[in-house]
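A.B. asks: attaching a predicted model along with its sequence, questions to come.
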Number of protein chains: 2
Amino acid sequence: MPERPYFSARTADLNIETGKVFAPKFDTQGLIPVIASDARSGEVVMFAYMNAEALARTIETGEAYYWSRSRAELWHKGATSGNVQRVVEIRTDCDQDAIWMKVEMGGARAACHVGYRSCFFRSLPVGELPERALELTFREDKKLFDPESVY
Amino acid sequence: MPERPYFSARTADLNIETGKVFAPKFDTQGLIPVIASDARSGEVVMFAYMNAEALARTIETGEAYYWSRSRAELWHKGATSGNVQRVVEIRTDCDQDAIWMKVEMGGARAACHVGYRSCFFRSLPVGELPERALELTFREDKKLFDPESVY
């Protein structure tokens, strides 16, 4: 990977939690968790991981790159499906070990490889002691693309 | 931990990605990543982890429980600060290895231990090749509580 001098090292003298220095923390696999939400609706559409290369490319290009753990490769979101994510804003959290991005979705405006807008298309009951196996409820009524014809 | 028969096992014959069975996947540490967003504004306010016990208690009580990795203990969010999170909705994603919750925040209506509404209170530049160390921009102008007096 080319050098990315714009990520600061996590030295002890930096004020990670309240300062202005960007010093992202990658885990022991070199990954940082990333939340993507739809810039229009605010809905969370996806959760994935980036390595330093993916984070750098996202910052440089303004399009979302992730690290695919299943394929073990850099993943330009939408390269296959057309559902590219244009990054409107990137934030980091207090201890700088997570990333939140607001994205505008291209193509079918879907984030999920199953075909739905959001990967989080099912909810579960909350607030009472369940007496049997929990059943999920679908929160989206239609797929925005047919994964069979895309992948 | 008491038995939680309402979490289904991740057997191969279940249709994890498109079915109605809830079979959450915990990682090798027994944790699942959790995104919390403000039910009113849609803003992502926090990212943390749950173990099975924390997820079960959250479902049963309708208040957010997490697993504190730094303290290695079950963590009832807001027990110390008063900033309890009432869970309005819980969702899971396609492969059921992440959780997204919409929460109503009690107390000071802040999620971050630093005192801000959201842990994601700083943004970074996006869309051009940075020439020097990235500088974060504050997106919240005031703390909602004084962490010194609370913790």
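C.D. replies: It's in.
A.B. asks: name the residues that touch stretch A:72-89?
C.D. replies: Stretch A:72-89 has contacts (CB atoms under 8 Å, 6 or more residues apart in numbering or on different chains) with A:36, A:39, A:51, A:53-54, A:57-58, A:62-68, A:101-111, A:113, A:145, A:150-151, B:123, B:126-127. Backbone N, C-alpha and C define where each C-beta goes, glycine included.
A.B. asks: what is the mean pLDDT for it?
C.D. replies: The average of the pLDDT scores along stretch A:72-89 is 95.
A.B. asks: in chain A, where is pLDDT below threshold?
C.D. replies: A:1-3, A:12-14 (pLDDT under 70).
A.B. asks: just the helices in it please.
C.D. replies: A:52-61, A:147-150 (DSSP state H).
A.B. asks: tell me the contacts of the closest residue to residue A:61 other than its chain neighbours?
C.D. replies: If the residues on either side of it in the chain are set aside, residue A:61 comes closest to residue B:127, at 7.4 Å by CB to CB, 6 or more residues apart in numbering or on different chains. Residue B:127 sits next to A:59-62, A:87 when contact means CB under 8 Å, 6+ apart.
A.B. asks: and for residue A:54?
C.D. replies: With contact set as CB under 8 Å, 6+ apart, residue A:54 has these partners: A:65-67, A:74-75.
A.B. asks: my guess is residue A:115 meets residue A:149, correct?
C.D. replies: No: here residue A:115 does not reach residue A:149: they are 10.0 Å apart, not a contact under CB atoms under 8 Å.
A.B. asks: who's more crowded, the two?
C.D. replies: Between residue A:115 and residue A:149, counting by other CB atoms under 10 Å in any protein chain shown, residue A:115 is the more crowded of the two (21 against 7).
A.B. asks: residues touching that one, list them.
C.D. replies: Shown in contact with residue A:115 (CB under 8 Å, 6+ apart): A:143-147.
A.B. asks: go on, residue A:118?
C.D. replies: Residue A:118 is in contact with A:38, A:43-46, A:111-112, A:140, counting by CB under 8 Å, 6+ apart.
A.B. asks: what do you get for residue A:110?
C.D. replies: Counted by CB under 8 Å, 6+ apart, residue A:110 has contacts A:81, A:83, A:116-117, A:143-145.
A.B. asks: could you rerun that using 7 Å?
C.D. replies: If a contact means CB atoms under 7 Å, 6 or more residues apart in numbering or on different chains, then residue A:110 has A:83, A:116-117, A:144-145 as its contacts.
A.B. asks: residue A:136 contacts residue A:124, correct?
C.D. replies: Yes: between residue A:136 and residue A:124 there is a contact under CB atoms under 7 Å: 5.7 Å.
A.B. asks: hey, what's in contact with both of these two?
C.D. replies: Common contacts of residue A:136 and residue A:124 (CB under 7 Å, 6+ apart): residue B:22.
A.B. asks: quick one: the strands in chain A?
C.D. replies: Under the criterion DSSP state E, chain A contains strands at A:32-38, A:44-50, A:65-68, A:73-76, A:85-92, A:99-105, A:122-124, A:137-138.
A.B. asks: need those in JSON lines with mean neighbour count and distance to residue A:20, can you?
C.D. replies: JSON lines is the format used below for the strands of chain A (neighbours: other CB atoms under 10 Å in any protein chain shown; distance: least, CB to CB, whole Å):
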{"stretch": "strand A:32-38", "mean neighbour count": "23", "distance to residue A:20": "19"}
{"stretch": "strand A:44-50", "mean neighbour count": "24", "distance to residue A:20": "21"}
{"stretch": "strand A:65-68", "mean neighbour count": "20", "distance to residue A:20": "24"}
{"stretch": "strand A:73-76", "mean neighbour count": "15", "distance to residue A:20": "28"}
{"stretch": "strand A:85-92", "mean neighbour count": "21", "distance to residue A:20": "11"}
{"stretch": "strand A:99-105", "mean neighbour count": "22", "distance to residue A:20": "17"}
{"stretch": "strand A:122-124", "mean neighbour count": "21", "distance to residue A:20": "38"}
{"stretch": "strand A:137-138", "mean neighbour count": "12", "distance to residue A:20": "43"}
